[in-house]
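Peer 1: mind folding the following:
(one chain, ligands or ions: 1)
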Amino acid sequence: MEAAAPVTGIAQESAPAPAPETGQHLALADEFLAHNYHPLPVVVAEASGAWLTDVDGNRYLDCLAGYSALNFGHGHPGLLAAAHAQLDRVTLTSRAFHNDQLGPFARDLARLAGMDAVLPMNTGAEAVETAVKMARRWGYQIKGVPEDRAQIIVAAGNFHGRTTTIVSFSSDPEARTGYGPFTGGFVTVPYGDADALAAAITDDTVAVLLEPIQGEAGVVIPPAGYLPRVRQACTDANVLFLADEIQSGLGRTGATFALEHEGVEPDAYILGKALGGGILPVSAVVSRREVMGVFTPGSHGSTFGGNPLAAAVGRAVVALLETGEFQARARELGEVLNRGLLELVGRGVVEVRCRGLWAGIDIDPALMTGREMSERLMRRGVLVKDTHGSTVRIAPPLVVEKDEIDWALEQFGDALTRP
Ligand SMILES: *Cc1c(COP(=O)(O)O)cnc(C)c1O
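Peer 2: As a prediction, this is how the structure comes out:
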């Protein structure tokens, strides 16, 4: 049993006992689920667009959007229609056979990314693992790195998923402790320091793996010019630039890919989250044929990766992104969000980092933790997620309306001053 978190006086007097239905579900979760999460005490029963309804009938504006898996909102009609139609045709074939959804999905996704080869998987972590394997094989077979010497450079503060290999190069003790022995072959450099990254490249370096904006770290935006310099260092040293755009990509920042803001093209995009339209897990590595060509039959795969249901939904997601409508919304509404949050700086907010409809907000730690702020916002009908310490993150579905953002900002301002 995990020790109960200390409860502050404020939280105690302001947090009423949960409503009856909610209480029952919290008890079930406590008794029967692994305690690997610490969710807010809200039990969602239904959702539509940017709004959630809990089991007791309360409504909340979703300002997390499934960590950006729900960029197009809950129950987007076009995505649901694609899923429903495919449910009645065929849902799973395995890759032992072709299916009539996968080829078109791969073509459309490659075109969206300006690339020409796709490897579909399910979860984000699997796509990161795929990119790691691809880069290592590319290093041995194409670059000529001696066997078992390949190194991949990563950044401190990264979040790339939860597998044993991926937590091997995490710098978050919570994600790592107790999970060794770890996978070798990763070198960590500070995020945002292009000189440190360039200095870490050796003849054995096969790839640099980065988030263009670090999401879990608190929406950390690197200094302007950093990503182009990383690109140049990779090109100069014949090293692959692997961009983990699982959270930053597919419209969230006001562009299809966050790297576009810096005019940078990677050697591979790692995609997930919103690629599944909030309906099912869909991930992919999208790269060039000359790199992807290192994979041969039997050398990598997944039972569910590229299944026709996932491909049909993924293709509908790509079609939504091809219109540019969601990227434009994220840009325009992102300015509203950014302006509103900046007004709170000095009034309980220490710093705001915003790109598109994606913001990391550092609350004055003397006032409260990010968790306390999340609970205050929950009581006001706004659902957000804290990251480390006193940082909260706002990332509503891109279908959110301007007046809803204005309302959420009012709640945010109010929550800074009252429990
Ligand atoms: C969420 C996330 C992952 C992992 O995706 P899962 O689907 O949870 O495995 C990897 N990288 C980034 C940047 C993420 O935000």
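
Peer 1: C-alpha from now on. contacts and neighbour counts both.
Peer 2: OK.

Peer 1: so who does the closest residue to the ligand within the stretch 201-350 of the chain touch?
Peer 2: Proximity of the stretch 201-350 of the chain to the ligand (C-alpha to the nearest ligand atom) peaks at residue 247, 4.2 Å away. Counting by C-alpha atoms under 8 Å, 6 or more residues apart in numbering, residue 247 makes contact with 67-69, 215, 271-274.

Peer 1: relative to residue 214, how far out is it?
Peer 2: Counting by C-alpha to C-alpha, to the nearest Å, the gap from residue 247 to residue 214 is 9 Å.

Peer 1: please apply the same query to residue 171.
Peer 2: Going from residue 171 to residue 214 by C-alpha to C-alpha gives 13 Å.

Peer 1: now residue 406
Peer 2: 26 Å.

Peer 1: of the two, which one has the most company?
Peer 2: Just comparing residue 406 and residue 214: by other C-alpha atoms under 10 Å the higher neighbour count belongs to residue 214, 23 against 15.

Peer 1: wait, doesn't the more buried one sit right on residue 158?
Peer 2: Yes: with contact defined as C-alpha atoms under 8 Å, residue 214 reaches residue 158; the gap is 6.4 Å.

Peer 1: circling back to that earlier point, find the residues that touch each one of residue 171 and residue 214.
Peer 2: Jointly contacting residue 171 and residue 214 under the rule C-alpha under 8 Å, 6+ apart are 157-158.

Peer 1: tell me the helix or strand right after the helix or strand hosting residue 291.
Peer 2: Taking DSSP states H and E as the criterion, residue 291 maps to helix 289-292. Going down the chain from helix 289-292, the next helix or strand is helix 308-322, by DSSP H and E.

Peer 1: would you list the phi and psi of residue 58?
Peer 2: Residue 58 adopts backbone torsions of phi -80, psi 150, taken as degrees, to the nearest 10.

Peer 1: now do the contacts for it.
Peer 2: Neighbour list for residue 58: residue 381 [criterion: C-alpha under 8 Å, 6+ apart].

Peer 1: mind pulling up the pLDDT for it?
Peer 2: On pLDDT, residue 58 comes in at 97.

Peer 1: surely residue 405 touches residue 338?
Peer 2: No: checked against C-alpha under 8 Å, the pair residue 405 and residue 338 is beyond contact range at 10.4 Å.

Peer 1: what about residue 202, how many residues nearby?
Peer 2: Counted with other C-alpha under 10 Å, the neighbours of residue 202 add up to 12.

Peer 1: that one belongs to a strand?
Peer 2: No: inclusion of residue 202 in a strand is not indicated when DSSP: H, G, I helix; E, B strand; the rest coil is applied; the result is coil.

Peer 1: and the stretch 251-400 of the chain, which of its residues are near the ligand?
Peer 2: Residues of the stretch 251-400 of the chain found near the ligand (C-alpha under 6 Å from any ligand atom) are residue 273.

Peer 1: what segments of the stretch 251-400 of the chain are helices?
Peer 2: Ranges of helices in the stretch 251-400 of the chain, per DSSP state H, counting those that start in this stretch, are 289-292, 308-322, 325-342, 370-379.

Peer 1: phi and psi next, for the most centrally placed residue in the chain.
Peer 2: Note on the chain: the residue nearest the mean C-alpha position is residue 247, at 2.5 Å, using C-alpha atoms, centre = their mean. Phi and psi for residue 247, reported as degrees, to the nearest 10, are phi -100, psi -30.

Peer 1: relative to residue 59, how far out is it?
Peer 2: Relative to residue 59, and taking C-alpha to C-alpha, residue 247 is found at 25 Å.

Peer 1: what's the answer for residue 68, then?
Peer 2: Here residue 68 is placed at a distance of 20 Å from residue 59 (C-alpha to C-alpha).

Peer 1: more neighbours: which of the two?
Peer 2: Between residue 68 and residue 59, counted using other C-alpha under 10 Å, residue 68 has the larger neighbour count: 29 against 19.

Peer 1: how's this structure carved up into domains?
Peer 2: 20-68+325-415, 77-322 (automatic domain parsing).

Peer 1: how long is the shortest one end to end?
Peer 2: For domain 20-68+325-415, the first and last residues are 25 Å from each other (C-alpha to C-alpha).

Peer 1: from the chain's centre, how far out does that domain sit?
Peer 2: Put simply, domain 20-68+325-415 sits 15 Å off its chain's centre (C-alpha atoms, centre = their mean, to the nearest Å).

Peer 1: in stretch 161-175, what's buried?
Peer 2: Along stretch 161-175, these residues count as buried under the neighbour rule (16 or more other C-alpha atoms under 10 Å): 161, 165-170, 175.

Peer 1: quick one: which of those residues is nearest the ligand?
Peer 2: For the buried residues of stretch 161-175, the residue nearest the ligand by C-alpha to the nearest ligand atom is residue 161; the value is 3.9 Å.

Peer 1: quick one, strands of the stretch 51-200 of the chain?
Peer 2: Applying DSSP state E, counting those that start in this stretch to the stretch 51-200 of the chain gives strands spanning 51-54, 59-62, 117-121, 151-155, 186-189.

Peer 1: closest to the ligand out of those?
Peer 2: Of all the strands of the stretch 51-200 of the chain, strand 117-121 sits nearest to the ligand, with 10.0 Å by C-alpha to the nearest ligand atom.

Peer 1: do any residues in the closest one lie close to the ligand?
Peer 2: No: using C-alpha under 6 Å from any ligand atom, strand 117-121 stays clear of the ligand, with a minimum separation of 10.0 Å.
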